[in-house]
Every structure is written in structure tokens, then in C-alpha cells.
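Engineer: I'd like to go over a predicted model; first the sequence, then the structure.
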Amino acid sequence: MTGYLYKEFKLNIRLVLLFLLTYLFFSVCPIFVVYDSKDDDTIGQTLTMILGAFCVFVFITAGCIQSGVFSGDDRKKWAYFVTSTPSGIKGYIGAKYLFTMLFAMFVVTLETLKLALAEQILGQSSGLSVLIAAMFYVQLFMRAVEYPLIVRFGTKTGGMVKITAVCVIILAGIIYALFGDTSAFASMDTFWERMFAFVGDPDKLKKLLLWVGVCTLAVLPLYYLSYRISVKLYLKGAENYAK
Amino acid sequence: MPSKKKTILRILIYLVLAFAPAFAIELIFSDKQGDVTNAFWGATLMLYPAIASIITRLVTKEGFRDAMLGFGRRGSAKYYAVAVLYPLVLPFVGAAILHLFIVKNGSVSDSAFGSDVVMGFASLLIGLASGIATLFHGLGEELGWRGYLTPKLEQLMPTPAAVAVTGIIWALWHGPLLAYGYNFGRDYDFFPYGGFIAMTVMCISWSALLTWLTKRTDSVYPAALCHMLIDTVAVFLLFAYNAEGEYFEFAVPEFWVKILALFPMIIASGAVCMVLISRKKKVPSGT
């Protein structure tokens, strides 16, 4: 397993370094954008919005790197070789899942440091640490859904299946927006009023926090389940590889 | 195995690299109350032992073969489970002792946790979730203390002594913060020496627990996970406050509250782990 993990690091190191370079740019930029209007009274909201948007962007970029960990490995000979090694399919697939998780944790650390730097430069906390933790679990959830598809159908077809699934969800959303009950969004003023009323209600907020805690932790067993499914599907998927 | 002289030199390089930046930050940016004023440098503090161990390994050309970076041998899952369960159980055992023997004017149901169980469990779960997400910070310390220092000290002395010395060094690493009241406040007799002694006892006990996890799995990740969760699942204080957010009336001064409530489990678990670490593995006859 350690060997497979080493392979992942070795193969992805350039991408990770490239990510770090772009990260440095995108982490410093928003801080100085906000720094320009440091004395503005509404800086708290602006800070949260800009840093939050960049935080989401960073996680999406990191997600692209994670999605690519299977590319280049979809060859029959490689699959049969992996099966014959002592670590076997479990070790091979496990290393991919662990690399993904470690990389996500690395991004969390970078983001935590960025927020601390922003707090230091701007003199106020953005309060985005919960968003970072949430993005970490969202990322794991996405990979937990995506990886079995890639393993079963290959990188290209798996990607197509993923895009199709996303399109179906968007389409369902559009159909709902056209024909469903959208009274909650009829006026954005009432929508935000309801939203703030919800957040302002301590009881509802507590329940929401409890569910956030439960849902984030539920991602971990789901991620493990996804790993087990990928292990089971690996050889079936290998049969479909072109080479 | 390298000579004793080489090992001592490696330990010294590691200690200088781990202590110098941490002490510099803790002294330069000290708020004189046990915390640092610079958020960015404060957030990097936990990473220096790992950075020190990496630089030492590169400088001394030791490599990373024995850095325990793998995820553990077969059957490590139960030790990962212990690494998660211990930080979850600790505040509740502490709360039981607190309300049985220390609190004078209230019960668990009057505490901030007891009066608002939904919020209490939400804090617990969110602490757990963020502890797992920020595992790299835990790794920052454990890669240095358990992944480098303890194995190096074991080459010079028996394992229990190595664990104890690591604990003492680990406590002293927090020195400048402790001197200003970190973890135990400033309002107690023998300040700040009492805090140093308490921190040393705590670090030796946790050193035993974390070393046991590391040795059983041959991996630093369970120790990092346990360390991080101890830091993030901090619901014990919710039992020390009442629903209005005020401290209960205690039978002992505030300094002793944490010690009397939390230290029994910390010391007991440390002692058990020390015994388990010290036990020699039986070698099957005929091998």
C-alpha cells in the first residue's frame, strides 16, 4: 500500500506543485482586494463573501486534481498486474482513496493558514472555518460518488456518466423551477427575510448545526463504502478497458 | 543502528529546529496571557515539530523509511477506533467527576451541555468533524514527537524512559505560553510552576497513549487523529458552565478543577499504555 501511495505522490507531484503556485496567487489576491477597502464599515460582509468564494474555488480546483488520480491507469495489463501484487486491488484502490483524503486535508490546512493570514492583515476574523470543514466533507462526498463510476466505466465513460448525472439533476431543478412550487423564491426580499428568521431562531439553528454534524460525519462511512464498492467493481471495469 | 553519538546529534538538531521557531513565535507575539497575538504565526505553531523532523531527516540523510508514514499494519482499525473514542469519552468522564465531587451548586442537567443537549451534541459532532478535517495540524506535532523523537530516544534508553522524556520535552516546548498562563490560567498558587508541573504530567501521560497507538499500528496517523480530536472536541467546559454561561461554584480553586476532573482518566490511560508499551512481546519457541 505504501508503494502505491508513493506512486500517487510521485505521479501527481507536478499537479500538486502547480496547484500550490496557483493557490499562492489566489490566496493572496482576495486578502489584498479586501485590504484596499479596509476602513469600509461593511468590510466584514465583503471579507466573508470574497474569501468564501475563493475558498470554494480552491476546493473545486483541488477536486479537479483528485478526479484525475485514475487517469492513465485504465489499462488491462496494469489491472492484471495490480491484482497479482501482494497489496492487490485493495491496496491499489485504497492508495487512491487515501491520497485523495490526504490531499483534501492538505487543502484544509492551507485554507486554515490563509484565513489566519487574512485575519492578521485585516484585523478581523472572517468566520469561515466552518465553511472550510464543510467543503472538505463535500469534496469527499463528491469523490465517494465519482470514484466507483470511474472504476466501473473507465475515466472517460465514468466522467461522461458523472456529467450526465449532474445534467439530470440540473434538468430536474429547471423542471421544478418551471412547474413546481416556487412561492418561497417569489420575492427575494421575503426569501432572505425567511432565511434570516430561520438563522435567527436559536432552536432551528441548533437543529441545523446538529444535522450538519451528523451529515458531515456520515460522509466518512460513505467514503469507506465507496472504497469497498470500487474494490468490487475494479476487475469488471478492467474488462472494458480499450487497451 | 547508528552510534549513540550520531543519535544524540540527530536529536539535538531536531530539538533546535523544533524549539527555535516555536519559542520565537511564542515570545515575540505573546499576549502575556498564554496566547499569541499573531493569528497567522499562531496557526503555524503545531507544524514546526513535523517541519523539524523533515529537515533533520534530510540534513542527516536518514531518509523517511522509518517515518511511519504508512497507514498501519493489518488489524490497525481498532487502534484508529481508540484514537477517536478516547477524546470523546474524556470530557464525559471529566464531567462525571466534576459534578460528583467538585461542583457545589448544580448538577449535570443545570450545565450548559445538560440544559441544551441538542447544542451540546452539535458542538461534539462539529468538533469531531473539524478535528478529522484538520488532521494535518495533528500530524504536524506527531510526525515530530512520536514519529521522530521517541524512536530516537529509544535508541539511548528503555522505552518507558523515552516516552517520559518525550513528554517532558513536549511540555517544555509549550514553555513560553505556559509561563504566561496557557491552559491553566494565572490565578493559582505557585504560578507558573504549578502549570508547568501539570502540563508535564499531562504530556507524559498522553505521550504514553500516543506512543502506544503509534507502536501498535506502526503509523503516526492514529496518534495525530487522537491529538487533534483532544484539541477540537473540547466540550468539557460546557459542563463547567451553567445554562447562563457562568461558572458553577467549585469546592476547589479553578486551577484544580481541570486537574481533578480530567487528570484521573488522563493519568490512568497513560499508566495503562505505559505498561502495555513496556511489555515484551513473547517470541514463539523454535524461532
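Structural biologist: Received the coordinates, thanks. These numbers were taken from a predicted model, which means no experiment stands behind them. Numbering: from 1, shown residues only, chains lettered A, B, ... in the order given.
Engineer: which residues of chain B lie near chain A?
Structural biologist: Counting by Cβ under 8 Å from any Cβ of the partner chain, the residues of chain B close to chain A are B:38-40, B:42-44, B:69-71, B:116, B:118-119, B:121-126, B:128-130, B:132-137. The way it works is simple: take the backbone N, C-alpha and C, and place the C-beta from them, glycine included.
Engineer: which of the residues you listed are buried?
Structural biologist: Neighbour-count burial (16 or more other Cβ atoms under 10 Å in any protein chain shown) is assigned, among these, to B:38-40, B:42-44, B:69-71, B:116, B:119, B:121-126, B:128-130, B:132-137.
Engineer: these in helices, which ones?
Structural biologist: In helices, defined here by DSSP state H, the members of those are B:39-40, B:42-44, B:119, B:121-126, B:128-130, B:132-133, B:135-137.
Engineer: find the nearest non-adjacent residue to A:E239, please.
Structural biologist: Here the nearest residue to A:E239 in space, its sequence neighbours aside, is A:K76; by Cβ to Cβ, 6 or more residues apart in numbering or on different chains that works out to 8.0 Å.
Engineer: burial of that neighbour, as a residue count?
Structural biologist: A:K76 is surrounded by 13 other residues when neighbours are defined as other Cβ atoms under 10 Å in any protein chain shown.
Engineer: what does A:F196 give?
Structural biologist: 10.
Engineer: in three-state terms, label it for me.
Structural biologist: Under the three-state scheme (DSSP: H, G, I helix; E, B strand; the rest coil), the conformation of A:F196 reads as helix.
Engineer: so who does the residue in chain B that chain A sits nearest to touch?
Structural biologist: Of chain B, the residue with the smallest distance to chain A, taken as Cβ to the nearest Cβ, is B:L125 at 2.7 Å. Taking Cβ atoms under 8 Å, 6 or more residues apart in numbering or on different chains as the criterion, B:L125 is in contact with A:L210, A:V212, A:G213, A:V214, A:T216, A:L217.
Engineer: how does it look with 7 Å?
Structural biologist: Taking Cβ atoms under 7 Å, 6 or more residues apart in numbering or on different chains as the contact definition, B:L125 lies against A:L210, A:G213, A:V214, A:L217.
Engineer: I'd like to know how far it sits from A:K7.
Structural biologist: 35 Å (Cβ to Cβ, to the nearest Å).
Engineer: tally of neighbours for A:E239?
Structural biologist: Counted with other Cβ under 10 Å, residues neighbouring A:E239 total 8.
Engineer: burial of the residue of chain A found nearest chain B, as a residue count?
Structural biologist: Distance from chain B to each residue of chain A (Cβ to the nearest Cβ) is smallest for A:G213, at 2.7 Å. Neighbour count of A:G213, defined by other Cβ under 10 Å: 20.
Engineer: state the distance from it to B:G131.
Structural biologist: Per Cβ to Cβ, A:G213 is found 12 Å from B:G131.
Engineer: please apply the same query to A:P30.
Structural biologist: Taken as Cβ to Cβ, the spacing of A:P30 relative to B:G131 amounts to 27 Å.
Engineer: same question for A:L128.
Structural biologist: Where B:G131 is concerned, A:L128 sits at a distance of 18 Å (Cβ to Cβ).
Engineer: next: A:A79.
Structural biologist: From A:A79 over to B:G131 (counting by Cβ to Cβ), the distance is 37 Å.
Engineer: burial count for A:R194?
Structural biologist: Summarising burial for A:R194: neighbours were counted as other Cβ under 10 Å, giving 11.
Engineer: nope, A:K232 is what I was after
Structural biologist: Around A:K232 sit 14 other residues, with neighbours defined as other Cβ under 10 Å.
Engineer: contacting residues for it?
Structural biologist: When contacts are counted by Cβ under 7 Å, 6+ apart, A:K232 is found next to no other residue.
Engineer: and it, backbone torsions?
Structural biologist: According to degrees, to the nearest 10, the main-chain angles of A:K232 amount to phi -70, psi -40.
Engineer: what's the answer for B:V103, then?
Structural biologist: For B:V103, the backbone dihedrals (degrees, to the nearest 10) come out as phi -70, psi 130.
Engineer: for it, name its beta-bridge partners.
Structural biologist: With DSSP bridges as the criterion, B:V103 is bridged to B:F250.
Engineer: and it, how far from B:G94?
Structural biologist: Counting by Cβ to Cβ, the separation of B:V103 from B:G94 is 12 Å.
Engineer: what's the closest non-adjacent residue to the residue of chain A closest to chain B?
Structural biologist: Here the nearest residue to A:G213 in space, its sequence neighbours aside, is B:L125; by Cβ to Cβ, 6+ apart that works out to 2.7 Å.
Engineer: can you check A:G127 too?
Structural biologist: A:T48 (6.6 Å).
Engineer: related to what we said a few turns ago, got the buried residues for the one helix or strand the residue of chain A closest to chain B maps to?
Structural biologist: A:G213 belongs to helix A:202-239 when elements are defined using DSSP states H and E. Residues of helix A:202-239 classed as buried by neighbour count (16+ other Cβ under 10 Å): A:206, A:209-210, A:212-213, A:216-217, A:219-220, A:223, A:226-227, A:229-231, A:233-234, A:237-238.
Engineer: now swap in stretch A:51-62 and tell me
Structural biologist: Counting neighbours by 16+ other Cβ under 10 Å, one finds that the buried residues in stretch A:51-62 are A:L51, A:G52, A:F54, A:C55, A:V58, A:F59, A:T61, A:A62.
Engineer: what count of nearby residues applies to residue 75?
Structural biologist: You didn't pick a chain, so chain A it is. When neighbours are defined as other Cβ under 10 Å, A:R75 has 13 of them.
Engineer: nope, chain B
Structural biologist: Summarising burial for B:G75: neighbours were counted as other Cβ under 10 Å, giving 9.
Engineer: spatially central residue in chain A, please.
Structural biologist: Compute the mean C-alpha point of chain A, and by Cα atoms, centre = their mean the closest residue is A:Q139, 2.1 Å away.
Engineer: how about the helices in the stretch 101-250 of chain B?
Structural biologist: For the stretch 101-250 of chain B, the helices defined by DSSP state H, counting those that start in this stretch occupy B:112-115, B:117-133, B:135-144, B:150-154, B:159-173, B:175-179, B:193-217, B:221-232, B:236-240.
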